[in-house]
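J.: this is a predicted model, with the sequence first.
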Amino acid sequence: MQNNCSQEIYSFKVPMQHDLFVKLSKELRCIVCQNQSVFDSKAPIVLSLRSELYHQILAGKQENEILEFVVARYGDAIVYQPPFNKATAVLWGAPLFMVLAAILVFFNYIVLNATKQS
Amino acid sequence: MKKAFPLSTLVPLISFLALIGLLTWILMKKPSNASDLSLENQFSENSRSSTLPMIQAHKTFNLPTVTDPTRRVTQDSFKDKVTLLNVWASWCGPCRREIDFLLTVSKIPGLYWVGLNLHDDLMEAQKILLIYGNPYHETIYDKEGRLAIHLGVRGTPELFILDKQGRVQYRHGGPINEILWKETIWPIIQRLQEE
């Protein structure tokens, strides 16, 4: 592979742009290895994505514009906090449902036992 | 008096059987496409229906070709025809293995085939086209991967079908084969050509 991470240098003249670059690349999931962020990943395609983020930030693009660009291409799964919509409803709802179910079962158990003993 | 059998003791058994049933159903269900199982497709609903990435969105795209680096290709190459754009690299084994099939289907008249050579060494890429054959009318040399990111490329090989306006209408990650071609790709091409 031709890409070499040691050649990857992103310099910003505006500190806010630097912060945005770090923030965005930590918010995005690596396309190849889903347990890494775009900030951490060494995959060549992510190197290209990082460089794209850099160019868009230098061009003065806003955070939401850049996120829109990436999500349109790679889907909601690329952000660590996917938006709530029809496709992600189960994803967001499942933990809440499980907790509620657990509370219900637990409560039921205790109340039943208490009434039995009294 | 005999103690009544509490119905609630059946809850774990019923939940367990329900889980087994669900898992069996998922296991038996014929996958329509292998890539359906990957994470990307679990949330792909919004990326499919609303705004698919457009090649026009990248106004400044101007890249050399592999076969002749002095020649440049721009977004204008994708105008007024249905384009099959295949992402590949010399370092990618599955890309090499699908070339035979690509050579067969690239003989079908009226199709415009574009290769997108990604993160590659120019000499190595040229070598592949010489040794294995060249199914493409044009092979774009995208060393930096900027065009790839604008298309939403995830890896190699990956096939994109672009409509006459240069918009991505279909993408498939992984090598293509005859079944996929007959069942999915060819019908899409025909639909787009009639538009």
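T.: Nice, thanks for sending it over.

J.: show me the helices in chain B, by range?
T.: Using DSSP state H, the helices of chain B run over B:11-28, B:39-42, B:45-49, B:93-105, B:122-132, B:146-151, B:178-180, B:186-194.

J.: ranking those by burial, who's on top?
T.: Across those, averaging neighbours per residue (mean count of other Cβ atoms under 10 Å in any protein chain shown) puts helix B:146-151 on top, at a mean of 23. Bear in mind the C-beta positions are built from the backbone N, C-alpha and C, glycine included.

J.: just the CA trace of that helix, in CSV.
T.: These are the backbone C-alpha positions of helix B:146-151, laid out as CSV (Å, rounded to 0.1, in the frame of the first residue of the first chain):
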residue,chain,number,x,y,z
ARG,B,146,-10.7,11.9,-3.2
LEU,B,147,-13.1,10.9,-6.0
ALA,B,148,-13.6,7.6,-4.1
ILE,B,149,-14.7,9.4,-1.0
HIS,B,150,-17.0,11.6,-3.1
LEU,B,151,-18.6,8.5,-4.4
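
J.: and it, is it in reach of chain A?
T.: Yes: judged by Cβ under 8 Å from any Cβ of the partner chain, helix B:146-151 and chain A are in contact via B:146, B:148-151.

J.: just send those residues back as JSON lines, with pLDDT too.
T.: JSON lines is the format used below for the residues of helix B:146-151 next to chain A (pLDDT from 0 to 100):
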{"residue": "B:146", "pLDDT": "91"}
{"residue": "B:148", "pLDDT": "93"}
{"residue": "B:149", "pLDDT": "92"}
{"residue": "B:150", "pLDDT": "90"}
{"residue": "B:151", "pLDDT": "90"}
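
J.: pick the one among these closest to residue B:123.
T.: When these are compared for distance to residue B:123 (Cβ to Cβ), residue B:148 wins out at 20.1 Å.

J.: quick one: that closest one from residue A:9, how far?
T.: Residue B:148 is 21 Å from residue A:9, where distance means Cβ to Cβ, to the nearest Å.

J.: what does residue A:109 give?
T.: 60 Å.

J.: neighbour count winner among these two?
T.: Using other Cβ atoms under 10 Å in any protein chain shown, the more surrounded residue of residue A:109 and residue A:9 is residue A:109, with 11 against 6.

J.: where's the more buried one, which helix or strand?
T.: Residue A:109 is part of helix A:89-117 when elements are defined by DSSP states H and E.

J.: so how far is that helix from its chain's centroid?
T.: Offset of helix A:89-117 from its chain centre (Cα atoms, centre = their mean, to the nearest Å): 29 Å.

J.: and that helix, is it in reach of chain B?
T.: Yes: judged by Cβ under 8 Å from any Cβ, helix A:89-117 comes into contact with chain B through A:91, A:105, A:108, A:112.

J.: buried set for stretch B:163-178?
T.: Judged by neighbour count using 16 or more other Cβ atoms under 10 Å in any protein chain shown, the buried positions of stretch B:163-178 are B:163, B:166-176.

J.: what about the strands in chain A?
T.: Using DSSP state E, chain A contains no strands.

J.: what does chain A have sitting close to chain B?
T.: Applying Cβ under 8 Å from any Cβ, one finds that chain A approaches chain B through A:1-3, A:31-32, A:34, A:44-45, A:47-49, A:51-52, A:55, A:71-77, A:82, A:85-88, A:91, A:105, A:108, A:112.
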